[in-house]
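Chemist: Let's see this in three dimensions:
(one chain, ligands or ions: 2)
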Amino acid sequence: MKMISLNSNIKKSLLLSGRFNRSGIILVASLWVVIILVIIAVGLSHKTSVDLAFGKFVFAKSQAAYAARAGISYALREIRDNKSDGNPADVDTHYACGVNLKDGQSIEQKWKDIPLENGSHFTIVYKEQTDHGIKKYLGLADEERKININAIMPQDVGILKFLLTLQGVGEEDAHIAAASIIDWKDPDEEITDGSYGAETEFYKSQGSGYVAKNAPFDSVGELRLVRGVTPEIFDKLKDLVTVFPKEGRFQINANTASPVVIKAVVSSVVGPATNTDEAEVLSLMDKIIELRNGEDGVLHTADDRPIDEKDLPLNAKEKTLFYYLMQYHAPKSRFFRITSEGVAGTRQVKSRITAVVNQEDFSTVYWFQD
Ligand SMILES: [Ca+2]
Ligand SMILES: [Ca+2]
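Modeler: Ligands and ions are numbered 1, 2, ... in the order given. All right, here's what the predicted structure looks like:
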């Protein structure tokens, strides 16, 4: 009897605990469903806000890209206007490059934060390596301030060589790269400067899978294929050389050229033949820089002046180097680099386009969008 009542108690308690377990499982399961639904809801709302933010960014990015594009059109119109109503005797300087400022107009008014109707704006600006590091300048930059690797001839190999040695590249390495750059684009298969240059035979012997181009460079980046142009050398060349124009004789604009470019040109004739040495290169350079900077002594301000022999107090040796430089000097430039930075209205989202245009026919010879 006792046994039976014990069994029934156990059954009862088992029954109770079973009921409890079932309702407990249902409760826990319901809670999990709620938690999962909450997680999904939070996830969805987060995803929606991420999608929304991404959508806004994409919209702002395209607004910025259109602003940058508007900047290119604006600069082209300025170049065109300057050409049609400008004084034909005008020359291009570092400050007034491609476009002259109107009376009383500041360089900021001409090129900085030019607004568009939708609230976005653009700035025409470029960066340049100076003795005091990289500086930003407003306006356009001519290509004639650089060494044209398509126009340079075998007899000018020294100019390219000095462009490298003046930047710390060893004499031998500089000579190999310079001669090979000339061989790459000259139409013949004759090696420049004996063993220094490189034509098809060299590239074949290296198993490089390509031959000497024997045609003009289409881009500065193509230099990477040339014998002796190591990544280090390419880095030192890329901002100081141009491939425009692809034809014609070698010219630079000494009003705008970087000091290292002018130094490379004149250094290539220094020696007993001209009775000059390094000291004259430096003193000539100082005088040119002083004249170009104008009275305030600062480059890229309204008082900047073009180079003119009558304004330069030169001694006989400096004159020898100066006349050599003047052979190549083209004070009016033809190819202008426009770098336009577009900024979207409400958000600080930027976009940049760089174009190089030919001022003669307004053709675009280079276009790059970041
Ligand atoms: Ca060749
Ligand atoms: Ca100045």
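
Chemist: I'd like the next helix or strand past the host helix or strand of residue 337.
Modeler: Per DSSP states H and E: residue 337 is located in strand 335-343. As assigned by DSSP H and E, the chain's next helix or strand after strand 335-343 is strand 350-358.

Chemist: helices or strands up against that next one?
Modeler: helix 2-85, strand 335-343, strand 364-369 (3 or more Cβ pairs under 8 Å, 6 or more residues apart in numbering; DSSP states H and E). From N, CA and C alone the C-beta is placed, and that goes for glycine too.

Chemist: 10 Å instead?
Modeler: helix 2-85, strand 121-130, strand 335-343, strand 364-369 (3 or more Cβ pairs under 10 Å, 6 or more residues apart in numbering; DSSP states H and E).

Chemist: Report the inter-axis angle for the second one versus helix 2-85.
Modeler: Spelled out, that is strand 121-130. With axes from the mean of the first three to the mean of the last three Cα atoms, to 10 degrees defining the directions, strand 121-130 sits at 80 degrees from helix 2-85.

Chemist: So which bits of the helix or strand just after strand 121-130 are buried?
Modeler: Sequence order places strand 133-138 as the next helix or strand after strand 121-130, per DSSP H and E. Neighbour counts over strand 133-138 (16 or more other Cβ atoms under 10 Å) mark 137-138 as buried.

Chemist: now what about stretch 160-171, what contacts it?
Modeler: 129, 146-147, 149, 152, 158, 173-182, 193, 196, 228-230, 232-233, 235-237, 240-241, 258-261, 263-268, 270, 281 (Cβ atoms under 10 Å, 6 or more residues apart in numbering).

Chemist: Could you pull out the buried residues of stretch 220-228?
Modeler: The neighbour-count check on stretch 220-228 (16+ other Cβ under 10 Å) flags 220, 222-223, 226-228 as buried.

Chemist: what's the answer for stretch 167-175, then?
Modeler: Under the neighbour-count criterion of 16+ other Cβ under 10 Å, stretch 167-175 has 167, 169, 173-175 buried.

Chemist: Same question for stretch 312-320.
Modeler: For stretch 312-320, by 16+ other Cβ under 10 Å, it's 314, 317-320.

Chemist: try stretch 146-159
Modeler: 146-152, 156-159.

Chemist: Could you pull up the mean pLDDT of it?
Modeler: On average, the pLDDT along stretch 146-159 is 96.

Chemist: Dump the C-alpha coordinates for it into PDB.
Modeler: Taking Å, rounded to 0.1, in the frame of the first residue of the first chain, the C-alpha atoms of stretch 146-159 are listed here in PDB:
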ATOM      1  CA  LYS A 146      59.600  69.900 -67.900                       C
ATOM      2  CA  ILE A 147      62.100  68.000 -70.000                       C
ATOM      3  CA  ASN A 148      60.400  66.600 -73.100                       C
ATOM      4  CA  ILE A 149      61.600  63.000 -73.400                       C
ATOM      5  CA  ASN A 150      60.200  62.700 -77.000                       C
ATOM      6  CA  ALA A 151      62.000  65.800 -78.200                       C
ATOM      7  CA  ILE A 152      65.400  65.300 -76.600                       C
ATOM      8  CA  MET A 153      68.100  64.300 -79.100                       C
ATOM      9  CA  PRO A 154      71.200  62.000 -78.800                       C
ATOM     10  CA  GLN A 155      73.400  65.100 -78.600                       C
ATOM     11  CA  ASP A 156      71.400  66.300 -75.600                       C
ATOM     12  CA  VAL A 157      71.800  63.000 -73.600                       C
ATOM     13  CA  GLY A 158      73.800  65.100 -71.000                       C
ATOM     14  CA  ILE A 159      70.600  67.000 -70.100                       C
END
